[in-house]
Structures are given as C-alpha cells and as structure tokens.
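Engineer: No sequence on hand, only this structure:
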C-alpha cells in the first residue's frame, strides 16, 4: 500500500510536516509494510514559506528590509539551492500584521522588492511569491522602486511611497531596473480574481481592510487608474483588467506587467512546486486535512485541492482535522471520501492544541482508521 500524505498545518498547533509525520506513524502502526510519502501543503498564504522550507529541505534566509510604514523589519524567505528558487511571503515585509496604525496613503511594498533583490543576488532565478495579507494599496510601485524602476512626477522628482504617490506619476523609467531580472521567472500564489480598478478592484473591495475610508475610495481608485494608464504606455500592454491584478493592493498588477509573472491559484502552485502529482500516479490512498473542516474548506482551500488532484487518478481521499462542523459534509461532495476529527475525548481548547497532545491524537486516530483498510 502506498499512501501520500499532504495535510495543511493545524494553525497554532502543528506544522504541515509535523502533522504529516504523526500521520505516518499512525499508518505504520496499522500497516508496517506501507510506503508513506509526506509532501508539504499550504495554500500560498501564511505558513507557506515554512512548509516548503521544511518539506523541500530548503534554507531559511534572514533579512532586514523596509517595513510597510518605513521602519525596518526582520523577516526571512526560503531558498531552494538545487533549483535556485526563492519562496517569499509578501506579508512578511509589507503585511497588515506588521503595523499598529493603518495608513494606505503611505504604506509601501518596498521591502518586498528588497527581499527579491537579496534573493537575486544570492543566485535565485525562480520565485514563488504569496501575496496575501498586505497592508498596502500602492499598486506595487514600492516593490518596483526597490528593483530599480523609477516613478517620477512632472518635475522629474520621485513620487514617494504609498497610495498617495499614484496620482503624481508622470513617467515611469525602466532603464535602471536590476538587469538580472531578465533571467528571473516569477510564479505568484493568487486566489483572488479582482481587476486593478473599479468597483470590483483593489481599492473598493480590499481598501477598507487597510484603512481606506469611504471618502478616500474614489480618489484612490482614480489615482490607481491613472497609474495603470502610465504603466500601459510604458509596457505597451494593459494588465489592469487581468484577473488578480487587484490582489494585494495592486501588487498583482506590478508583478504581471513589470515582472511578467504568472498568477496561479495558491494550492495549485504549491502542489506543482512540491512534485505532488508525480507521487500520486501510483498511490492507493491520499491523506489530507487541516485544523478545521467546514463549508469554507470547499471554497478553494488546500484539502479540496488535494482531493481534486487525487480524483484525477481515481484515488480514495481521507481527511483528518482538529475539528469538523456539521457543514463539513460538503467536503464529501468535493472529493474527500471520508473525514475524521482527531479529538478523542472531552478536553479544553488549550489541551487539544498542545502540540504533543495533538500529535498523539492524530497518530492514534489515523492508526484506527487504517486498521479498517
């Protein structure tokens, strides 16, 4: 029996790989001769870098970059030496959790560009970037400025940082961009389909999360559209209506247009990077799961992505979770054949989430399920 394990992290409790190792122990207790392959799983958001560093034997690279409001922040990215790949979460440099007071007029993605530069200088030519959780609405110009692009006003001066800068842009100069970018390939984990501008765009849909007040939305959206027009003239193509251009306050637009990135659903990108499909071709069972299985699980979250790929090969899918709700039956219709909560008795939340306790619960629950197979 070959079993492929690809489970998302149980947030605040077990990492993707720790959960996978506990599952492997449970499987082998029931089926000592089973072949168990563990693959890292994430959806491109928080925890993706850690999952891929551990699961793909990467290196953690610590850097200090410019934070969203200009203060230095310490962060890190993943480095896969064999494939010259950097794995970056933009939120670690420009995320909303890094600030106490939201300021979309000044918040910048500059630190994201600094992370890219650092990885380029280290030899990386392939980039996997998660762009969820941003504090910014700057159209990605901060990132681009760190990479050598110039955004100048009508007097030839730098326009500054943040959303307030977009309406001032008169010309974009690309002459001084990092020349090594020409050899780089960017893949972006993006699960939103919003365009850059308009009522469904970055400012109107996500701006309020970043501190954009109602009275600012129209002006900022107009300024974003102005930026898009100047960028389109510079690039010779208009990317503002491409699905995902509005992600992360317009960072998606900058990545698409200036760095020629591919925007890919997060779970699909992570499965591709981890080589999961190759392992599934001759698998008998796939095990997946996450901290909580509910109706939201079917809305593009990682376990359903795994189930979808497994069904391509006609493989049974079992899921384990810290908890399940009555709505989790929707997961059965989405390709998960059976799912099981791992909590084995009356307990407090703190006890259930204690890592060693959770590992034990996972291991013992998995063992009993696999004794049936």
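Structural biologist: That came in fine, so what should we check first? Since the model is a prediction, treat every value here as computed from it, not as a measurement.
Engineer: burial measure for residue 96, as a count.
Structural biologist: Neighbours of residue 96 under the rule other Cβ atoms under 10 Å: 17. Where you see a C-beta, it was placed from the backbone N, CA and C, and this is true even at glycine.
Engineer: and what of residue 33?
Structural biologist: A count of nearby residues for residue 33, using other Cβ under 10 Å, gives 6.
Engineer: Same question for residue 157.
Structural biologist: By the measure other Cβ under 10 Å, the count of residues near residue 157 is 11.
Engineer: Distance of it relative to residue 224?
Structural biologist: Distance check for residue 157 against residue 224: by Cβ to Cβ, to the nearest Å, it reads 21 Å.
Engineer: Then residue 24?
Structural biologist: Computed as Cβ to Cβ, the residue 24 to residue 224 distance reads 48 Å.
Engineer: which of those two has more neighbours?
Structural biologist: With other Cβ under 10 Å as the criterion, residue 24 and residue 224 differ in neighbour count, and residue 224 comes out ahead with 28 against 19.
Engineer: I'd say the more buried one and residue 250 touch.
Structural biologist: Yes. Counting by Cβ atoms under 8 Å, residue 250 is a contact partner of residue 224 at 6.2 Å.
Engineer: overlap in contacts of these two?
Structural biologist: Among the neighbours of residue 224, those also in contact with residue 250 (Cβ atoms under 8 Å, 6 or more residues apart in numbering) are 137, 139, 196, 202.
Engineer: Out of the residues you listed, flag the one nearest to residue 2.
Structural biologist: Distance to residue 2 across those (Cβ to Cβ) is lowest for residue 202, with 44.2 Å.
Engineer: for the closest residue in space to residue 260 that isn't next to it in sequence, what are its contacts?
Structural biologist: Setting aside the residues directly before and after it, residue 260 is nearest to residue 186 in space (Cβ to Cβ, 6 or more residues apart in numbering), at 7.0 Å. Contact analysis of residue 186 by Cβ under 8 Å, 6+ apart lists 127, 129, 255, 259, 260, 261, 262.
Engineer: Could you do residue 129 as well?
Structural biologist: For residue 129, the set of contacting residues under the criterion of Cβ under 8 Å, 6+ apart consists of 87, 88, 89, 90, 112, 186, 187, 188, 189, 255, 261.
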